[in-house]
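# Need the 3D shape of this:
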Amino acid sequence: MAIFLHVEVKEGNKKTMSQESEMISRLRKELSDYSKRSFHRGHVHGTGGNISVRIPNTDRVLITPSGVSLGDVEPEANLLVNLQGTILENPQGLIPSKETGFHLVVYQLRPDVGAVSHVHPPYATAYSNKERPLPLATVQSRVIFKEVPWIDCALPGSKDLCDFVEGGIKKYPAARALLMKEHGILALGNDLKAAFYLADLLEGTAKIAFIAENIHTP
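You can find the predicted model right below:
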């Protein structure tokens, strides 16, 4: 009887590990897909920007690599790290995004966040330099965002920038997006699809706000 129970546990563990491996494989592909969609949507240019996704119910995160355009990210390029930043899987031997630190801060402080998109859409990034919340120029944006605050700038990958993100998340614990002065935006979704469309809505809202501010009425 004891041997039978021992075998059952081992088989259960194998099944759990197999399911988790399948989930990670699926999320690698999904992360690659939304990285490419972000690039082709114009959310980011060159090799800038980084996107990540939390493995559900774990302390692990998949994140895009450094130095690779989001338009070129293939599934196996994405790195698996834990919330302390230790690299767990790196199939192509790449370097994790230099912004990994602030992605992990978001996941540590916001258990509700399942994916983070840090991109550089032009209109929203321009508004980030104004040092004030984004003007929510549409009913949809006011309903969904409530407010899009801004945080100060620091060098990419620096501890100062990570600290600014941490401070912003703590100050605005319900925020679904943040403007990063001179740097872009953070969109915080419960999954990759949500993070992508939040970033897209944010840029669309910024564009409408810009047009509205520059319309000259008689």
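
# what's the spacing between the residue most central in space within the chain and Ile185?
What sits nearest the mean C-alpha location of the chain, by CA atoms, centre = their mean, is Val116, with 1.6 Å. Distance of Val116 to Ile185, computed by CB to CB, to the nearest Å: 11 Å. C-beta: built from backbone N, CA, C; applies to glycine.

# Same check on Leu80?
Taking CB to CB as the measure, Leu80 and Ile185 are separated by 25 Å.

# And Leu88, by the same measure?
28 Å.

# can you give me the strands for this structure?
50-54, 60-63, 79-82, 87-89, 115-119, 150-151, 177-180, 184-189 (DSSP state E).

# Can you identify each of the helices in the chain by residue range?
2-40, 100-109, 122-128, 139-145, 159-171, 192-213 (DSSP state H).

# quick one on the thing from earlier: Leu88 and Ile185: who's more crowded?
Ile185 (27 against 12; other CB atoms under 10 Å).

# Skipping adjacent residues, who's closest to the more buried one in space?
Among residues not flanking Ile185 along the chain, Ala124 sits closest, at 5.1 Å (CB to CB, 6 or more residues apart in numbering).

# so how far is Phe145 from the one you found?
As judged by CB to CB, Ala124 and Phe145 stand 12 Å apart.

# One more: Ser97?
For Ser97, the distance to Phe145 - CB to CB - is 25 Å.

# Give the residue from Ala124 and Phe145 that has the larger number of neighbours.
Set side by side, Ala124 and Phe145 show more neighbours around Ala124, with 27 against 20, by other CB under 10 Å.

# Quick one: residues contacting that one.
Shown in contact with Ala124 (CB atoms under 8 Å, 6 or more residues apart in numbering): Leu134, Leu179, Gly184, Ile185, Leu202, Glu203, Thr205, Ala206.

# cool, Glu182 as well?
Glu182 neighbours (CB under 8 Å, 6+ apart): Thr125, Ser128, Asn129, Cys153.

# so which of those is the most crowded?
When neighbours are counted by other CB under 10 Å, Ser128 leads those with 25 neighbours.

# With adjacent residues omitted, what lies nearest to that residue?
Sequence neighbours aside, Leu179 is the residue nearest to Ser128 in space, at 3.9 Å (criterion: CB to CB, 6+ apart).

# Do I have it right that the one you found meets Ala126?
No. Look at Leu179 against Ala126 with CB atoms under 8 Å: they stay out of range, at 9.9 Å.

# These two: which has the busier surroundings?
For Leu179 versus Ala126, neighbours defined as other CB under 10 Å are more numerous around Leu179 (27 against 14).

# if I pick the more buried one, what's in contact with it?
Neighbour list for Leu179: Ala124, Thr125, Tyr127, Ser128, Pro133, Leu134, Val148, Pro149, Trp150, Ile151, Ile185 [criterion: CB under 8 Å, 6+ apart].
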